[in-house]
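1. Here is a sequence together with a model predicted from it:
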Amino acid sequence: MADDAEKTEEPTDKKIEDARKEGNVPKSQDASGVVTLFIAILAFLMLFPYMASHMLFLFKYYFSIMGMNLNQAVMIDIAMVTVKEFLMMVLPLASAVAVAGIVAAVSQFGFLFTTEAIAPKFSKLDPIKGAKNLFSMKKLIEGVKVTFKAFSTLGIGFLFFFIFIKELPTVALFGLSDQLDWLTDKMLIIAFVMLFIIFVFAIIDIIIVRKQYFDGLKMSKQEIKDEMKNMDGDPLIKSKIRQIQMEASRKRMMSEVPNADVVITNPTHYAVAIKYDEEKSHAPIVVAKGMDKVAQNIKKIARENNVHIVQNPPLARSLYAQVEVEKAIPNELFAAVAEVLAYVYKMNKK
């Protein structure tokens, strides 16, 4: 029992699917952050001329109203122009960042829509549990990880910044345009170096998150057994399905009795219908069999369709016990069955 309680087994597909339905998926915040940041930087660089034009328009607009009396109409106009231009600048960048966030999430665990994760749970309002979660070892490790990643990224960025600072005496001799170009180039280098460091941390985080996720879903042997039992369904339903299948099989079997060559019986308990088609099988086939009530039905159908009924109790019992429906008779019963078929063929003048 102790071994069964240990969660040593890999999670089943059903366990993983149930976790997904609850919103429990392996999601790396670092991976989402690096994708979002990368898209944001690219979008900012691509949209910079567009955003600069709107910013320039705003400055020109503000200069144009200098000296005017700031009455209510002017104030409303200033507010509307400012909000409009600000939205024109921010919305494209914000849309790109939002799309990046969606892409980052979908690329990690596929498309998922569930309300389980946001459903209210009163257990989350327990202050004792909340305090334990806030000051747990897991939170401490997460804090150390975040601090290490932040200092590493900023430290490497500062190292490059310090290297570039040494070029300032030379850059001071450049023209204003060249200085701006130098500043832009160095800023891009620092940004992409820091982005690369974050990317490395994100790859490591994805590996750790996925391992922790699947370790957290591991199951005990007993849980797997219980899951299989639940998937099999209610025993009463299974019994009903089995009963329906047996009934369908019995009807199919009875429909073959009129095509049989002979029905071998003992007087009361057993009946076995035999058919031999040398073009389809090397040996006679049992097309139907039964005992008691089923045997009586087989004999009744045989009489209605002029199928010979031969009483041979030992052979009937042997055929019933050894041969399944739609199977050929075994070698040891060839002679006895051949004798019966020869008698039937003689009666039918075959």
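-> The structure has been received and is ready for your questions. Residues are numbered from 1 along each chain as shown.

2. What mean pLDDT does stretch 173-183 get?
-> For stretch 173-183, mean pLDDT rounds to 81.

3. Show me which positions of it end up buried.
-> Of all the residues in stretch 173-183, those buried under the rule 16 or more other C-beta atoms under 10 Å are Trp182. Quick note: C-beta positions are derived from backbone N, CA and C, even for glycine.

4. Run the chain-centre distance for it.
-> Remark: stretch 173-183 is offset 54 Å from the chain centroid, using C-alpha atoms, centre = their mean, to the nearest Å.

5. so what's Ile118 scoring on pLDDT?
-> pLDDT, read off for Ile118, is 55.

6. Likewise for Leu112?
-> According to the model, Leu112 scores 63 on pLDDT.

7. part of a helix, is His282?
-> No. If the criterion is DSSP: H, G, I helix; E, B strand; the rest coil, then His282 is coil and not within a helix.

8. show me what contacts it?
-> Ala328 (C-beta atoms under 8 Å, 6 or more residues apart in numbering).

9. for the stretch 251-350 of the chain, what are the low-confidence residue spans?
-> Along the stretch 251-350 of the chain, the parts satisfying pLDDT under 70 run over 349-350.

10. Identify each of the helices in it and give its residue range.
-> 293-304, 313-322, 334-348 (DSSP state H, counting those that start in this stretch).

11. and if you look at the chain?
-> Assigned by DSSP state H, the chain shows helices spanning 2-5, 13-21, 29-64, 72-109, 127-134, 137-165, 168-171, 176-216, 221-232, 235-254, 293-304, 313-322, 334-348.

12. From the contact counts, what lies against the third one?
-> If contacts are counted by 3 or more C-beta pairs under 8 Å, 6 or more residues apart in numbering; DSSP states H and E, helix 29-64 sits against helix 72-109, helix 176-216.

13. same check, this time on the last one
-> In this structure, helix 334-348 makes packing contacts with strand 262-265, strand 270-275, strand 308-311, helix 313-322, judged by 3+ C-beta pairs under 8 Å, 6+ apart.

14. domains for the protein, by residue range?
-> 2-227, 238-348 (automatic domain parsing).

15. about what we covered before: got CSV for the helices and strands packed on helix 29-64, with distance to Lys293 too?
-> Shown next, in CSV, are those (distance: least, C-beta to C-beta, whole Å):
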stretch, distance to Lys293
helix 72-109, 58
helix 176-216, 55
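
16. Show me the shaky parts of the stretch 101-250 of the chain.
-> If you take pLDDT under 70 as the line, the stretch 101-250 of the chain has these spans: 110-138, 231-237.

17. now stretch 32-51, how far from the centre of its chain.
-> The answer for stretch 32-51 is 32 Å, by C-alpha atoms, centre = their mean.

18. hmm, back to that, same list (the helices and strands packed on helix 334-348) but as JSON lines, adding mean neighbour count and distance to Val25.
-> Converted to JSON lines, those look like this (neighbours: other C-beta atoms under 10 Å; distance: least, C-beta to C-beta, whole Å):
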{"stretch": "strand 262-265", "mean neighbour count": "26", "distance to Val25": "63"}
{"stretch": "strand 270-275", "mean neighbour count": "26", "distance to Val25": "59"}
{"stretch": "strand 308-311", "mean neighbour count": "15", "distance to Val25": "68"}
{"stretch": "helix 313-322", "mean neighbour count": "17", "distance to Val25": "56"}
